[in-house]
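Participant: Sequence first, then the predicted structure:
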Amino acid sequence: MSKIKIAAVQMPTVSNKMENVRKVREYLEKLKDQNLDFVVLPEMFCCPYKTENFPAYAEEEGGEVWKQLSEYAKHYGIYLVGGSIPEKDAKGRVYNTTYVFDRQGKQIGKHRKAHLFDIDVTGGQYFRESDTLTAGDSDTVFDTAFGKMGVIICFDIRFPEMVRMTVNDGAKVIFVPAAFNMTDR
């Protein structure tokens, strides 16, 4: 495998979904002269990370956010690992989904977070992704000019079986868009 140049974007989110998507373009503009191969966005980059937001911000594959990410990948000539967004399927189920686009803007990968983060710490944090999200059920590997790559989302990394399946399916690199909650004590 030849050398790969990768950038990971970290960004705050605001309540306006498309404002977040426009902010991605600002980051890509700042990075455009670095001759990047891959850019990785954060988990749920287009909405504040609250379970009640996921259904409200969800869109079907091919929706507004998807179209912009595809356009950005093509315009900047990069592989774009689109962090994740709330995806709604035809039955109305909502997933935490990463789309991956090639340098021409074609979708080459899609991963639905398989391990949802549910936590209830006495006197601490309570958060249940499963209140509004449906778990995915597979690993994700996609082909690039650099070989096979994989993608998992955040809490998936805590489960070695998921990573092992991704490697067994040929991934040489695994991208992990993630967002972590903090508790003040």
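Facilitator: Thanks, I have the structure now.
Participant: what's the burial count for the closest residue to residue 76 other than its chain neighbours?
Facilitator: Of all residues not flanking residue 76 in the chain, residue 28 sits nearest, at 5.2 Å (Cβ to Cβ, 6 or more residues apart in numbering). (C-beta placed from N, C-alpha, C; glycine too.) Look at residue 28: counted by other Cβ atoms under 10 Å, it has 20 neighbours.
Participant: which residues touch residue 28?
Facilitator: Each residue near residue 28 by Cβ atoms under 8 Å, 6 or more residues apart in numbering is listed here: 39, 72, 75, 76, 78.
Participant: Can you name the residues bridging to residue 149?
Facilitator: residue 142, residue 173 (DSSP bridges).
Participant: Next secondary structure element downstream of the longest helix along the chain?
Facilitator: Assignment by DSSP state H gives helix 17-31 as the longest helix of the chain. Scanning forward in sequence from helix 17-31 by DSSP states H and E, the next helix or strand is strand 38-40.
Participant: buried set for the longest helix of the chain?
Facilitator: 17, 20, 21, 23, 24, 27, 28 (16 or more other Cβ atoms under 10 Å).
Participant: thinking again about what came up before, could you pick out the buried ones from the contacts of residue 28?
Facilitator: Using 16+ other Cβ under 10 Å, the buried ones in the contacts of residue 28 are 39, 72, 76, 78.
Participant: And these, which is closest to residue 128?
Facilitator: Nearest to residue 128 among the buried ones among the contacts of residue 28, counting by Cβ to Cβ, is residue 39 at 30.7 Å.
Participant: What's the separation between that closest one and residue 28?
Facilitator: 7 Å (Cβ to Cβ, to the nearest Å).
Participant: Which neighbours do those two have in common?
Facilitator: Common neighbours of residue 39 and residue 28 (criterion: Cβ under 8 Å, 6+ apart): 76, 78.
Participant: Taking the contacts of residue 28, tell me the two that lie furthest apart.
Facilitator: Going by Cβ to Cβ, the pair spanning the contacts of residue 28 furthest: 39 and 75, at 11.8 Å.
Participant: Which residues are in contact with residue 72?
Facilitator: Contacts of residue 72 (Cβ under 8 Å, 6+ apart): 24, 25, 28, 78, 80, 101, 105.
Participant: is it true that it lies in a helix?
Facilitator: Yes - looking at residue 72 with DSSP: H, G, I helix; E, B strand; the rest coil, it is inside a helix.
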